[in-house]
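K.L.:
quick one: sequence and predicted model below, then my questions.
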Amino acid sequence: MIKAKTKTLPLISVIITYYKKKLFIKKTLNSILKQSYRNFELILVYDDYDKNDLHFIQDLLNKFKKKKIIINKKNLGVAKSRNVALKKSQGQYIAFIDSDDIWKKNKLLKQYRFMNDNSYNFCFTSYSIVNENDNIIKNNIVSQDASYKKLFKSNVIGLNTVMISRDLLHLIKFPILKTQEDFALWLKLSRVGVKLKHLNANLSYWRKTKNSLSSNTIQKFIDAFRVYNKYEKKNFFFSFYSVVVLSYNKILKFF
């Protein structure tokens, strides 16, 4: 078993947003709590206008030694919520996870060592897709770094696999989109010269629920177009074509 001494390791900020995931949030938080890397702070943004789950979440957070809970007065969406959390973060490294995903116990430690040993400031890994019963549907294996050209055609970077160095904090701001906000950020970082390095390991689980593909399909298509047209400044026709290619490659991930 990999063990880590808290005294010699830097702080990692773990950012998570919450919106109507009561069925899965306990498993998610437990996977963070059980990390072999112990020196981390948890920053949870409660982004649900309905406050009925707040007490439940606060009780779960009592197990964490270092935590911050940010309660949005209204639903801001994941992009704004993560940006708020980033401003509150104190860690030398920052990791993201959604409130229905799961990390393997050595996720943070392995990525920290990989980044620290090689002086990398961005790292992502492979991941598994699981259903609502935690059964693995597919393994999304990443075998190489994410260049801008390759990333443009297919978003191979799963948000819950990412760890970034605080050195990049001045560049890390999620565009205000309902979906595709992480994809837009990865493209931006790659475009300005950040090396998006992959660690050859599968360290997390992304949960596919009933709404993962069917819900917000039109919104995802619109936001993908905005990523190409507004943020990457491509013309209308090339942006539309790029969305079609991106959508096709995304479908392949699930089948």
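P.N.:
Received the coordinates, thanks. Numbering: from 1, shown residues only.
K.L.:
can you give me the mean pLDDT across the host helix or strand of L185?
P.N.:
Applying DSSP states H and E as the criterion places L185 in helix 181-191. Averaging pLDDT along helix 181-191 yields 97.
K.L.:
packing partners of the helix or strand just after that helix?
P.N.:
Per DSSP H and E, the first helix or strand lying C-terminal to helix 181-191 is strand 197-207. Packed against strand 197-207 by the contact rule (3 or more CB pairs under 8 Å, 6 or more residues apart in numbering; DSSP states H and E) you find strand 102-103, helix 107-118, strand 122-130, strand 136-140. Backbone N, C-alpha and C define where each C-beta goes, glycine included.
K.L.:
off-centre distance for strand 197-207?
P.N.:
Relative to the centre of its chain, strand 197-207 is centred 11 Å away, using CA atoms, centre = their mean, to the nearest Å.
K.L.:
make TSV out of the helices and strands packed on strand 197-207 and add distance to I94.
P.N.:
As requested, the helices and strands packed on strand 197-207 are exported to TSV (distance: least, CB to CB, whole Å):
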stretch	distance to I94
strand 102-103	14
helix 107-118	11
strand 122-130	10
strand 136-140	22
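K.L.:
let's have the ones you listed in JSON lines, adding mean neighbour count and mean pLDDT.
P.N.:
What follows is the helices and strands packed on strand 197-207, written out as JSON lines (neighbours: other CB atoms under 10 Å; pLDDT from 0 to 100):
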{"stretch": "strand 102-103", "mean neighbour count": "22", "mean pLDDT": "98"}
{"stretch": "helix 107-118", "mean neighbour count": "19", "mean pLDDT": "98"}
{"stretch": "strand 122-130", "mean neighbour count": "22", "mean pLDDT": "97"}
{"stretch": "strand 136-140", "mean neighbour count": "13", "mean pLDDT": "94"}
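K.L.:
tell me the contacts of D145?
P.N.:
Going by CB atoms under 8 Å, 6 or more residues apart in numbering, D145 touches K195, L196, K197, H198.
K.L.:
the helices and strands packed on strand 197-207: which one's closest to G158?
P.N.:
Among these, the nearest to G158 by CB to CB is strand 122-130 (4.7 Å).
K.L.:
sheet partners, orientation included, of that closest one?
P.N.:
Strand 122-130 has the following sheet partners, assigned by DSSP bridges: strand 136-140 (antiparallel), strand 163-165 (antiparallel), strand 197-207 (parallel).
K.L.:
tell me the centre residue of this structure?
P.N.:
Geometric centre of the chain, nearest residue: L159, 2.4 Å, by CA atoms, centre = their mean.
K.L.:
what about the residue nearest to that one when sequence neighbours are not counted, how many residues close to it?
P.N.:
Spatial nearest neighbour of L159, excluding adjacent residues (CB to CB, 6 or more residues apart in numbering): D182 at 4.7 Å. Residues within reach of D182, counting by other CB atoms under 10 Å, total 22.
K.L.:
quick check: D182 touching T161?
P.N.:
No - look at D182 against T161 with CB atoms under 8 Å: they stay out of range, at 10.7 Å.
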